[in-house]
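Q: Would you be able to build a 3D model of this:
(2 chains)
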Amino acid sequence: KAGVTQTPRYLIKTRGQQVTLSCSPISGHRSVSWYQQTPGQGLQFLFEYFSETQRNKGNFPGRFSGRQFSNSRSEMNVSTLELGDSALYLCASSPVGGRDTEAFFGQGTRLTVV
Amino acid sequence: GNSVTQMEGPVTLSEEAFLTINCTYTATGYPSLFWYVQYPGEGLQLLLKATKADDKGSNKGFEATYRKETTSFHLEKGSVQVSDSAVYFCALQNSGNTPLVFGKGTRLSVIA
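A: Reported below is the predicted structural model:
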């Protein structure tokens, strides 16, 4: 069974640009969550999508957005990039999300903003 | 609100030493508790979990017991190996469809 796939693995962007990251969940999983990992702040929750609807949202500015398609694949977009957006972005999928269901993480996309 | 506090690293141990990584939590309600591990260049993998008080999660020689009275979920292993070198994250998830809340992570280095 294929795991969670995130593309691209590495990305370098210039301040002010926008970027789109992609996540393909495990087949059959309908919940996809996104996290930002930085050395200073650790892992912070961005948002969760379930059946194409945003179900939860973390405390990030509106420059961070996402969506989920009918095949459960998800994308997140960051507009007007800032240097502080440099981070590892992790995607996690689970069958239905929520308590007591295991979240499976992808390897992440490392975004560097210069 | 919900939060997780775990001991800061890095932790450096010799092979076969005993490992303890402390984790305490603050939560409303009765959360599920998790330990995740992140190997270099990888995403997070679930190591073990416990869903109610006094439950013990265990996997690959690691153990953690859900202690409601002390709001703790300390990770232990009796004899670490070089291959255990990684970053370990304690996390909680409350009822309903709330997201995972992670601690800052503890980097473990095991030397031969």
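
Q: which parts of stretch A:91-102 are buried?
A: By neighbour count with 16 or more other Cβ atoms under 10 Å in any protein chain shown, stretch A:91-102 contains the buried residues A:91-94, A:97-99. To be clear about C-beta, it is placed using only N, CA and C from the backbone, and glycine gets the same treatment.

Q: where does A:Gly84 fall, helix, sheet strand or coil?
A: helix (DSSP: H, G, I helix; E, B strand; the rest coil).

Q: Test for you: state the pLDDT assigned to it.
A: What the model reports for A:Gly84 is a pLDDT of 96.

Q: Neighbours of it, how many?
A: By the criterion of other Cβ atoms under 10 Å in any protein chain shown, A:Gly84 has 11 neighbours.

Q: which intervals of the chain have sub-threshold pLDDT?
A: This is for chain A. The model of chain A has pLDDT under 70 over residues A:1, A:99-100.

Q: Within range of chain B, give me the residues from it.
A: Proximity of chain A to chain B is confined to A:4, A:6, A:33, A:35, A:42-43, A:45, A:48, A:50, A:55-56, A:58, A:90, A:92, A:97-100, A:102-108 under the rule Cβ under 8 Å from any Cβ of the partner chain.

Q: Out of these, which sit inside strands?
A: Using DSSP state E to define strands, the subset of the residues of chain A next to chain B located there is A:6, A:33, A:35, A:42-43, A:45, A:48, A:50, A:55-56, A:90, A:92, A:104-105.

Q: hang on, the earlier thing: from the residues of chain A next to chain B, list the buried ones, please.
A: Here, 16+ other Cβ under 10 Å leaves A:4, A:6, A:33, A:35, A:42-43, A:45, A:48, A:50, A:55-56, A:90, A:92, A:97-99, A:103-108 buried among the residues of chain A next to chain B.

Q: Enumerate every residue touching the residue of chain A found nearest chain B.
A: Among all residues of chain A, A:Phe105 sits closest to chain B, at 3.6 Å; criterion: Cβ to the nearest Cβ. Listed by Cβ atoms under 8 Å, 6 or more residues apart in numbering or on different chains, the contact partners of A:Phe105 are A:4, A:90-92, B:36, B:43-45.

Q: Reformat these as a markdown table; add distance to A:Leu21.
A: Listed next are the contacts of A:Phe105 as a markdown table, based on distance: Cβ to Cβ, whole Å:
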| residue | distance to A:Leu21 |
| --- | --- |
| A:Val4 | 13 |
| A:Leu90 | 10 |
| A:Cys91 | 8 |
| A:Ala92 | 13 |
| B:Tyr36 | 21 |
| B:Gly43 | 13 |
| B:Leu44 | 17 |
| B:Gln45 | 20 |
